[in-house]
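[1] generate a structure from the sequence data that follows.
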Amino acid sequence: MPSDAKILIVDDHEDTLYALESALAPLGYRLASATSGDEALKQVLRGQVGLLLLDVRMPGVSGLEVVRYMRRLEQTQHIPVILLTGFGADHELTAAAFGLGVADLVLKPIDPWALRTKVRFLYDSYRRQRALEQEIRELRALVKGEAEAQTPRPRPALPHPDARVPPQRDGPAATPAQDRP
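    So this is what the prediction gives:
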């Protein structure tokens, strides 16, 4: 993952977006925002999102629908998601969220200190994971390149033996002088 990956904050209320951006600004990470599930999916699919803070209930595409879609795609299935809800966490929502692999479900109003701690941990963990995956790919390519370099190359075929060795004659000339009586 590129080092310029951003944290995407998604909420359909502008005041909540502003509050979340203000709470996360001290971390110094790149932040982006979206006001709908559709807009969030477009930004996630463009790439370079390292963490998603996502409101559960939005008009149109809900936060859970965004997560369901992301988990089906290889390029987005491992992006950590923190779901945000202002309606309280019921058992069904909690089961659905964690069943989709959501990292956390946070109730509004949000404690800025707790949110920064969670975001820092999840975002940094994701970046380290992506850096390790990149290093593994590079090492595999290096090992593969060395293995190919060490593979013995086929030798050129030798000419047919009849072309290089003169024919043997039968008789006294064919035996060496020391073997003669």
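[2] which strands and helices sit next to the helix or strand containing residue 127?
    With elements taken from DSSP states H and E, the one containing residue 127 is helix 112-150. Judged by 3 or more C-beta pairs under 8 Å, 6 or more residues apart in numbering; DSSP states H and E, helix 112-150 is in contact with helix 14-24, strand 49-55, strand 81-85, strand 104-107. (Each C-beta comes from the backbone N, C-alpha and C, glycine too.)
[3] which among these is found nearest to residue 143?
    Nearest of the helices and strands packed on helix 112-150 to residue 143, taken as C-beta to C-beta: strand 49-55 at 28.4 Å.
[4] partner strands of that closest one, parallel or antiparallel?
    Counting by DSSP bridges, the strands paired with strand 49-55 are strand 6-10 (parallel), strand 81-85 (parallel).
[5] do you know which of those lies nearest residue 41?
    strand 6-10 (9.5 Å).
[6] ok and that closest one relative to helix 14-24, angle-wise?
    150 degrees (axes from the mean of the first three to the mean of the last three C-alpha atoms, to 10 degrees).
[7] give me the distance from strand 6-10 to the chain's centre.
    18 Å (C-alpha atoms, centre = their mean, to the nearest Å).
[8] stretch 60-70 now?
    From the chain centre to the centre of stretch 60-70 is a distance of 20 Å (C-alpha atoms, centre = their mean).
[9] to which secondary structure element is residue 65 assigned?
    In the assignment (DSSP H and E), residue 65 maps to helix 63-72.
[10] what count of nearby residues applies to the spatially closest residue to residue 35 that is not a sequence neighbour?
    Nearest residue to residue 35, sequence neighbours excluded (C-beta to C-beta, 6 or more residues apart in numbering): residue 12, at 5.5 Å. For residue 12, the count of nearby residues is 17 (other C-beta atoms under 10 Å).
[11] what about residue 12, which SS state?
    Recorded secondary structure, residue 12: coil (DSSP: H, G, I helix; E, B strand; the rest coil).
[12] next, it: phi, psi?
    The phi/psi pair for residue 12 (degrees, to the nearest 10) reads phi -80, psi 0.
[13] so who does it touch?
    35, 36, 55, 58, 59 (C-beta atoms under 8 Å, 6 or more residues apart in numbering).
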